[in-house]
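Colleague: Mind folding the following:
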Amino acid sequence: MALEPEPEYLVGGEGSGGRPLVPFAPVACDFLDALSQELRADPRVAEHPDVMTFAFWCRAAHIARLKTDFEGSRPGQQARIGLGRVFHITPSNVPVNFAFSFVFGLLAGNANIVRVPSKPHPQTGMICDALRTVLAQERFAELRAMTTFVRYGHNDRLTGAYSAGCNARIIWGGDMAIQNIRKLPTPERCVDIAFADRYSFAILRAPAVLALDCAGLARLAESFYNDAYLMDQNACSSPHLIAWLGGQAQAASGIFWEAVGRIAEKKYPLSEIQAIDKWTHLCQDAIDRTVVSGVWKYANYVYCLKLQSLPAKIDELRGRFGYFYEYDAGCLDRLAPIINARVQTLTYFGINQAELLDFVISQRLAGIDRIVPVGRALDIGLIWDGYDIIASLSRVIGVA
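Modeller: Numbers count the residues shown, from 1 in each chain. Okay, here's the model as predicted:
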């Protein structure tokens with residue numbers, strides 16, 4: 001019988017201990033700023049925008065703003081302290097996700113065991129190298145004892161062992177994976193935060209796009225490129241569908257996609273296998289989707305399928321590597337029936353944010369947890385998927 005492979009500890013060793021900290025403890029904030037500096041000094045990071053984004057996210061000024069926002073939203077709040085130990089099960093399709101998940105647990109005041117993706121990513125090595133270097137400093141000895149990063153393949157025994165000793169779990173993954181992990185026993189008061197498979201789309205007001213000058217159109221296209229292409233549309237917040245409002249959709253669509261195509265051609269490293277996958281996807285959609293009324297292409301960098309109507313299960317409209325769907329909605333009300341609980345992020349251009357927020361609330365929509373301008377889909381925050389993460393991973397000490 002084959003021996004079960006041992007877990008690979010990338011940072012720290014078996015188990016993470018130590019007493020919980022208060023949220024935004026000074027030692028945690030200082031550590032994150034030191035980690036930011038270490039990453040930004042690594043010449044390899046310049047080739048990986050996602051790692052550089054994480055490094056800037058961790059810098060002192062940004063963490064201080066997050067702390068101010070958290071404390072400012074709870075005037076007179078009773079004292080809080082971390083839950084204890086958080087076990088993180090992170091996804092393989094977004095390489096830097098594991099690092100953000102760790103920061104959530106740390107800022108809430110917890111010890112952390114982070115299962116990094118078994119799929120090798122260069123970003124994992126860079127971040128773990130920086131973590132080991134910074135944690136080796138004597139001033140962070142307490143955090144060193146509270147931090148473990150481990151890699152292993154599918155293994156219910158190991159996942160069960162870590163689950164049995166934690167006070168909270170952050171589970172990133174598809175519906176089936178989350179259901180299977182939830183079957184593993186945990187302590188009675190263990191808190192589970194599950195970030196399941198989600199879907200995101202964009203709303204563009206056509207007259208606003210047509211009113212842009214060349215520079216403004218280029219800025220919009222690059223912002224959209226950052227939302228979609230930087231993660232190959234794998235991020236749950238990356239758009240797959242564009243809904244046009246306000247009439248003139250056909251004219252606006254043409255200039256918009258042309259601008260996106262020019263940006264992608266300059267910046268996106270399209271591989272042959274990606275181009276083949278997109279073509280195969282297009283052929284399959286042509287066979288299966290009777291609502292497709294046309295296809296717009298910019299070389300192999302942009303495929304856009306025009307839809308006559310939207311399916312009830314909007315989250316079935318998914319693309320990768322620059323493959324999108326678009327629909328001339330005309331007005332917001334026509335979108336309400338197809339927005340389900342799987343819809344996470346709505347990016348927008350040319351429409352007032354307050355109007356979109358009123359749309360979600362007045363229509364009592366089951367989905368849309370984030371409303372952000374085009375270009376900010378990948379901005380991760382301490383409110384995610386509708387969870388107040390720091391609050392969820394800490395406990396209130398009530399006093400009378």
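
Colleague: contacts, neighbours, all on C-alpha from now
Modeller: Will do.

Colleague: Give me the mean pLDDT for the longest helix along the chain.
Modeller: Longest helix in the chain by number of residues (criterion: DSSP state H): helix 249-267. Helix 249-267 carries an average pLDDT of 95.

Colleague: Show me what counts as buried in it.
Modeller: For helix 249-267, the neighbour count (16 or more other Cα atoms under 10 Å) marks 249, 252-253, 256-264 as buried.

Colleague: now stretch 376-383
Modeller: Of the residues in stretch 376-383, those buried by neighbour count under the rule 16+ other Cα under 10 Å are 376-378, 382.

Colleague: Report the contact partners of the nearest residue to residue 166 once chain neighbours are set aside.
Modeller: Using Cα to Cα, 6 or more residues apart in numbering and skipping residues adjacent in sequence, the residue nearest residue 166 is residue 85, 5.0 Å away. With contact set as Cα atoms under 8 Å, 6 or more residues apart in numbering, residue 85 has these partners: 16-17, 20, 110-113, 165-168.

Colleague: The same query, at a cut-off of 7 Å, please.
Modeller: Contact partners of residue 85, counting by Cα atoms under 7 Å, 6 or more residues apart in numbering, are 110-112, 166-168.

Colleague: which of those has the most neighbours?
Modeller: Among the contacts of residue 85, the one with the most neighbours (other Cα atoms under 10 Å) is residue 110, at 34 neighbours.

Colleague: ok, that one - contacts?
Modeller: If you count contacts by Cα under 7 Å, 6+ apart, then residue 110 has 20-21, 82-86 around it.

Colleague: export those residues to CSV and tack on secondary structure?
Modeller: Output for the contacts of residue 110, formatted as CSV (DSSP: H, G, I helix; E, B strand; the rest coil):
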residue, secondary structure
20, coil
21, coil
82, strand
83, coil
84, coil
85, strand
86, strand
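
Colleague: now, among those residues, which is nearest to residue 7?
Modeller: residue 86 (17.9 Å; Cα to Cα).

Colleague: What degree of burial does that closest one show, as a neighbour count?
Modeller: Taking other Cα under 10 Å as the neighbour definition, residue 86 ends up with a count of 33.

Colleague: Give me the pLDDT for it.
Modeller: Note for residue 86: predicted pLDDT of 96.

Colleague: now residue 384
Modeller: Note for residue 384: predicted pLDDT of 85.

Colleague: Would you list the phi and psi of it?
Modeller: Main-chain torsions, residue 384, degrees, to the nearest 10: phi -140, psi 130.

Colleague: Any chance of TSV for the buried residues of helix 249-267, columns distance to residue 154?
Modeller: Below are those laid out as TSV (distance: Cα to Cα, whole Å):
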residue	distance to residue 154
249	47
252	47
253	44
256	43
257	41
258	43
259	43
260	39
261	39
262	41
263	39
264	36
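
Colleague: ok, those vs residue 95, which is closest?
Modeller: residue 264 (21.0 Å).

Colleague: ok now do the closest residue to residue 342 other than its chain neighbours, which residues does it touch?
Modeller: Leaving aside its chain neighbours, residue 342 sits nearest to residue 198 (5.0 Å; criterion: Cα to Cα, 6+ apart). Taking Cα under 7 Å, 6+ apart, we find residue 198 in contact with 236, 342-344.

Colleague: quick revisit: gap between the residue nearest to residue 166 and residue 164?
Modeller: Per Cα to Cα, to the nearest Å, residue 85 is found 11 Å from residue 164.

Colleague: Please apply the same query to residue 153.
Modeller: 18 Å.

Colleague: Residue 342 now?
Modeller: Taken as Cα to Cα, the span from residue 342 to residue 164 is 29 Å.

Colleague: Between the two ends of stretch 323-340, how far is it?
Modeller: With Cα to Cα as the measure, stretch 323-340 spans 22 Å from end to end.

Colleague: next one: stretch 350-369
Modeller: End-to-end distance (Cα to Cα), stretch 350-369: 20 Å.

Colleague: Between the contacts of residue 110, which sits nearest residue 101?
Modeller: Nearest to residue 101 among these, with distances taken as Cα to Cα, is residue 86, at 10.0 Å.

Colleague: what is the closest one paired to in the beta sheet?
Modeller: For residue 86, the beta-bridge partners under DSSP bridges are residue 112, residue 168.

Colleague: got a winner among the contacts of residue 110 for most neighbours?
Modeller: Top of the contacts of residue 110 by neighbour count (other Cα under 10 Å): residue 86, with 33 neighbours.

Colleague: who touches that one in this structure?
Modeller: Residues counted as contacts of residue 86 (Cα under 7 Å, 6+ apart) are 105, 110-113, 166-169.

Colleague: all helices of the stretch 301-400 of the chain, in order?
Modeller: Assigned by DSSP state H, counting those that start in this stretch, the stretch 301-400 of the chain shows helices spanning 353-362, 389-392.
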